[in-house]
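Trainee: Just to be clear, the model below is a prediction. Sequence and coordinates:
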Amino acid sequence: YQSGPLFSKGKPMESASEDSGFRQRALSGKPKRVLLVVVEAMGQFQDPAKQAILLQSFRNADLLKNYQVTIGDSIYYGSTTAAEMRELCNTRKSYMEVAKDDSIVCLPKMMDQRGYRTISLHNFTSAFFGRANWYPKLGFEKRIFGQDLVGVAQRKCGGPFRGACDVDLIPLIGKELRAAKQPTFFYWMTFSTHVPIALHEGTPRLQCDNNGGAIGHIRVCNMTEMWIDLLEGLAKLTADIPPTEILIVGDHAPPLWSKAGRELFIPGKVTWIRLSPRADAQTGRAR
């Protein structure tokens, strides 16, 4: 799983940021607020009906009045940090290589050069994969980690790795975007659905305890409830913040021990959702 990038050798570079048109729009300097969310372990379901359940929040009529919603998929290789390099730096090099290579200029640094304030958020400790060391190299001026969230988020979510619950951090993002005095680029690497998850931390809406409910696999069903909570929260956030260019994308499919669970997802694919304010929406290339 960790060696996934080895299989990408010779393959064209692909990312949701690029495929959706989000990267080009962000670098145009026109949107005053830009939000990129990479969602832990959110792959793409094989079954269109299950995929529709996952993405139900983006059919909301109020959201569609104000935002153009484009949905697509991208290829992934490797794990979470590989996804961060894919979406932030448009590269398949490892974060360790990127941290040492001054020739690679990542999206946060480009946004900083365009006068944007750059903020990153991750629910877990800054020592996890050494993010305290390489997030500044990527260009993040302000960095918020788990140790900075004491008193901000009261609940903890996750299995063996426990951090502030994803849904509890959405108000923090809203506060930062509303209070922004200058153009702002906000990046969030979510955490609650890091495998192995803790069961029953999402809103019980899919009858997961009944043979896996609408998903047919109890652990994936519980993960899906958590993803829906997160996506619903982000969709609702759009009503409480100024117009914001938004991209939401999975990092990789969940690395489950269960073959039945893994087979629910399309190998090598992750879902992305782009939300563009209707006043100046740009069309992404959906697949």
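Mentor: Nice, I can see it. Computed from a prediction, not measured in an experiment: that's the story for all the values here.
Trainee: Rounded mean pLDDT for stretch 60-77, please.
Mentor: In this model, stretch 60-77 has a mean pLDDT of 96.
Trainee: gap between it and the chain center?
Mentor: In terms of CA atoms, centre = their mean, to the nearest Å, the centre of stretch 60-77 is found 13 Å from the chain centre.
Trainee: Stretch 219-238 now?
Mentor: Relative to where its chain is centred, stretch 219-238 has its mean C-alpha point 12 Å off (CA atoms, centre = their mean).
Trainee: same check, this time on stretch 182-193
Mentor: 8 Å.
Trainee: Just the buried residues of it, please?
Mentor: Of the residues in stretch 182-193, 183-193 count as buried by neighbour count, 16 or more other CB atoms under 10 Å. Heads up, the C-betas are built off the backbone N, CA and C, glycines and all.
Trainee: ok now do residue 196, which residues does it touch?
Mentor: Taking CB atoms under 8 Å, 6 or more residues apart in numbering as the contact definition, residue 196 lies against 159-160.
Trainee: Give me the pLDDT value at residue 284.
Mentor: So residue 284 comes in at 47 (pLDDT).
Trainee: what are the ranges of the helices in the stretch 151-287 of the chain?
Mentor: Along the stretch 151-287 of the chain, counting by DSSP state H, counting those that start in this stretch, helices occupy 166-179, 218-237, 259-262.
Trainee: Could you find the closest non-adjacent residue to residue 256?
Mentor: Nearest non-adjacent residue to residue 256, counting by CB to CB, 6 or more residues apart in numbering: residue 262, 5.2 Å away.
Trainee: Which residues are in contact with that neighbour?
Mentor: 253-256.
Trainee: By residue count, which strand of this protein is the longest?
Mentor: strand 265-277 (DSSP state E).
Trainee: Enumerate every residue touching residue 58.
Mentor: Counted by CB under 8 Å, 6+ apart, residue 58 has contacts 69, 71, 231, 235, 273, 275.
Trainee: Following the helix or strand hosting the second one in sequence, what is the next regular element?
Mentor: In other words, residue 71. Assessed by DSSP states H and E, residue 71 sits inside strand 67-75. Later in the chain than strand 67-75, the nearest helix or strand by DSSP H and E is helix 80-89.
Trainee: for that next one, packing partners?
Mentor: helix 16-19, strand 33-39, helix 95-100, helix 107-113, strand 184-189, strand 245-250 (3 or more CB pairs under 8 Å, 6 or more residues apart in numbering; DSSP states H and E).
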